[in-house]
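*Asks:* coords please:
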Amino acid sequence: MRLTIVGATGGVGRSLLEQAVDAGHEVTAMVRDPRRVTRQVPTVTVDLSMPDPEIVRAAVAGSDAVLSSLGARTSADHGVVERGTRALMEAMRASGVRRIVVVSAAPIGTLPSPGRPHPPRHDPGDGLLMRYVGSPLVKRAFAASYADLARMEDALRESDLEWTAVRPPRLTDGALTGRYRTAYGRNLRRGLSISRADVAHLMLRLVERPEAFRQTVGIAR
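*Replies:* Have a look, this model is predicted:
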């Protein structure tokens, strides 16, 4: 497949790039700093906090799918996920690309957003400790980042694209195992962490799975 990987120098993005190249996919990397790209692949330099539509369109044109691990690196970056994803979707529509898989986060299903002002109070996959202690704490700690991710998911739901949002819990730098649990539309009970490499592995698996279109997918060890 021909894949455009967005954020290919971040934790999940780097794993996406390496696994995709190792699997024989034809990859274009979309990054802010091309010096940090770890594989010899075509690279497009763009800052998706202030996206240039022509550059983004050129990066996605001809791809079978876009895989995005966009995330804010600093507090000044808050908003980049929604803005960048909207720019990607516009470029995809202009180029005829339909498939996009993105990284979101486990708490987003219960977070209010403009498109979902009254979400469920609890995620059906969360246990009591996560519902009443863990989730409220992390929502407060990462309020701005999670609000950005929630608006990104709003944008995906509003679109007619074949999207999937992967919602991991706490990310680690552990090794790729390929052994993890998944669930459509909910989190995983006792799912406290997952490696970035395993998130990337799942994203690549989901690209060609129609049952994952327009779905959120929980993942955990």
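*Asks:* and R214, how many neighbours does it have?
*Replies:* Neighbours of R214 under the rule other CB atoms under 10 Å: 14. Glycine gets a C-beta too; all of them are placed from N, C-alpha and C.
*Asks:* Correction: the previous question concerned P53.
*Replies:* Neighbour tally, P53, other CB under 10 Å: 11.
*Asks:* Quick one: name whatever helix or strand follows the lowest-mean-pLDDT helix or strand in the chain.
*Replies:* In the chain, no helix or strand scores lower on mean pLDDT, DSSP states H and E than helix 128-129, which sits at a mean of 70. Using DSSP states H and E, the next helix or strand after helix 128-129 towards the C-terminus is helix 135-141.
*Asks:* Run through who's touching that following helix.
*Replies:* Helix 135-141 is contacted by residues P107, T110, L111, D123, D126, Y146 when judged by CB atoms under 8 Å, 6 or more residues apart in numbering.
*Asks:* Tell me the one of those residues nearest E208?
*Replies:* Using CB to CB, D123 is the member of the contacts of helix 135-141 that sits closest to E208, with 26.9 Å.
*Asks:* secondary structure element for the closest one?
*Replies:* Since the elements are taken from DSSP H and E, D123 ends up inside neither a helix nor a strand.
*Asks:* List the residues that contact E158.
*Replies:* G115.
*Asks:* is it true that V31 touches L16?
*Replies:* No. V31 lies out of contact with L16 (CB atoms under 8 Å); the separation is 11.8 Å.
*Asks:* Among the contacts of helix 135-141, name the ones in helices.
*Replies:* Y146 (DSSP state H).
*Asks:* Widest-spaced pair of the contacts of helix 135-141?
*Replies:* D126 and Y146 (15.0 Å).
*Asks:* Looking at the two, which is more packed in?
*Replies:* Using other CB under 10 Å as the criterion, D126 and Y146 rank with D126 on top: 24 against 20.
*Asks:* Chain neighbours aside, what residue packs nearest to that one?
*Replies:* In this structure, D126 finds its nearest non-sequential neighbour in N187, 5.5 Å apart by CB to CB, 6 or more residues apart in numbering.
*Asks:* Secondary structure of that neighbour: a helix, I assume?
*Replies:* No. If the criterion is DSSP: H, G, I helix; E, B strand; the rest coil, then N187 is coil and not within a helix.
*Asks:* quick one: the most centrally placed residue in the chain and L204, what's the gap?
*Replies:* The residue lying closest to the centre of the chain (CA atoms, centre = their mean) is V103, at 1.7 Å. Distance, V103 to L204, using CB to CB, to the nearest Å: 12 Å.
*Asks:* Please apply the same query to L67.
*Replies:* Taking CB to CB, one finds L67 at 7 Å from L204.
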